[in-house]
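# Just the structure for this:
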Amino acid sequence: MDVAAPVAGRFAGVEIGGTKVIVTLADGLDIVEQHNLPTTSPDATLGAAVERLAAWDDAAPLAAIGIASFGPIRVDPAVADYGTMLYTTKPGWTGARVVHAFAERFACPIALDTDVNGAGIAEAALGAGQGCKTIVYLTIGTGVGGGVIVGGRPVIGRLHPEIGHLCLRLPRRLHRGAAERPGAARTLRPRSRNRRARRSCMGYGRIGPCRTVRRADADAVPRSHRRRRQRRAGPARPAGACNRSRG
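Just a heads-up that it's a prediction; the model follows:
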């Protein structure tokens, strides 16, 4: 899916999220109609979206349909299971044939990408990323996600970047593991009431090994981490000491 100049016509967009689905009818760049649908089972959710788009298509044929979905979902059209939801923690959605549900009903072109790539493509073409060769779009919602757009094209390999699954090094009292665990909206909301937790996230919650910590935030780092860092650094050197090269 390339970032290209928009063309005239009636288009339908479907954003499938973990909590809700947004279906949109546009005439060129102008949004004509939009509806929110709850994300329940695949059959009920996709069926409701198809029904809404079918009403628009009966009124006047759709030129194309774009689908932006949560994942992981197969986005490579060259493989046999293109448009199929892979293993996901969303109950009942593993193996859901997302594109197939729309392709059975509509003859117009149908494009699929991840929800964050879809948003990133829109920002690159029409929003804050205009004129930028590379943009990264991050979202914090039901989970944490990110889309990378380079040269007008989303970055994908066998799958797509799982930014929400980058490992974070955080104090034990918060969380360890994927960025999505401590960073999703459902976890950030209750923690935001805890001032000390906020300071811990700001001072120590970085991706990868934390090499330095601002002095003002030193008290936010757990004592066990400070002791471990001191042991790795070794004994302090006396004032005036310098490195001597070995000849």
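# thought residue 57 was touching residue 106?
Yes: when contacts are counted by C-beta atoms under 8 Å, residue 57 is listed as touching residue 106 (6.4 Å). C-betas here are computed from N, CA, C, even on glycine.
# model confidence over the longest helix along the chain, on average?
Ordering each helix of the chain by length in residues (DSSP state H) puts helix 42-59 first. Average pLDDT, helix 42-59: 98.
# Report the buried residues of the helix or strand following it.
Next helix or strand after helix 42-59 toward the C-terminus (DSSP states H and E): strand 64-69. By 16 or more other C-beta atoms under 10 Å, the buried positions in strand 64-69 come out as 65-69.
# Closest to residue 31 out of those residues?
Proximity of those to residue 31 (C-beta to C-beta) peaks at residue 66, which lies at 13.3 Å.
# now the closest one: how far from residue 95?
Using C-beta to C-beta, to the nearest Å, residue 66 is found at 23 Å from residue 95.
# quick one: the strands in the chain?
Assigned by DSSP state E, the chain shows strands spanning 10-16, 20-27, 30-38, 64-69, 110-114, 134-140, 144-150, 153-154, 167-169, 177-178, 206-207.
# Next, the distance between the ends of stretch 84-92.
End-to-end distance for stretch 84-92, by C-alpha to C-alpha, to the nearest Å: 13 Å.
# So what touches it?
Identification of contacts with stretch 84-92 by C-beta atoms under 8 Å, 6 or more residues apart in numbering yields 18, 39, 41-42, 69-74, 93-100, 159.
# The strands of the chain into CSV, with extra columns for distance to residue 125 and mean pLDDT?
Converted to CSV, the strands of the chain look like this (distance: least, C-beta to C-beta, whole Å; pLDDT from 0 to 100):
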stretch, distance to residue 125, mean pLDDT
strand 10-16, 13, 97
strand 20-27, 14, 97
strand 30-38, 15, 97
strand 64-69, 12, 97
strand 110-114, 13, 94
strand 134-140, 10, 87
strand 144-150, 9, 86
strand 153-154, 12, 87
strand 167-169, 31, 63
strand 177-178, 30, 52
strand 206-207, 28, 38
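# Can I get the ones you listed in JSON lines including distance to residue 127?
Shown next, in JSON lines, are these (distance: least, C-beta to C-beta, whole Å):
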{"stretch": "strand 10-16", "distance to residue 127": "15"}
{"stretch": "strand 20-27", "distance to residue 127": "15"}
{"stretch": "strand 30-38", "distance to residue 127": "15"}
{"stretch": "strand 64-69", "distance to residue 127": "15"}
{"stretch": "strand 110-114", "distance to residue 127": "16"}
{"stretch": "strand 134-140", "distance to residue 127": "9"}
{"stretch": "strand 144-150", "distance to residue 127": "11"}
{"stretch": "strand 153-154", "distance to residue 127": "15"}
{"stretch": "strand 167-169", "distance to residue 127": "28"}
{"stretch": "strand 177-178", "distance to residue 127": "28"}
{"stretch": "strand 206-207", "distance to residue 127": "25"}
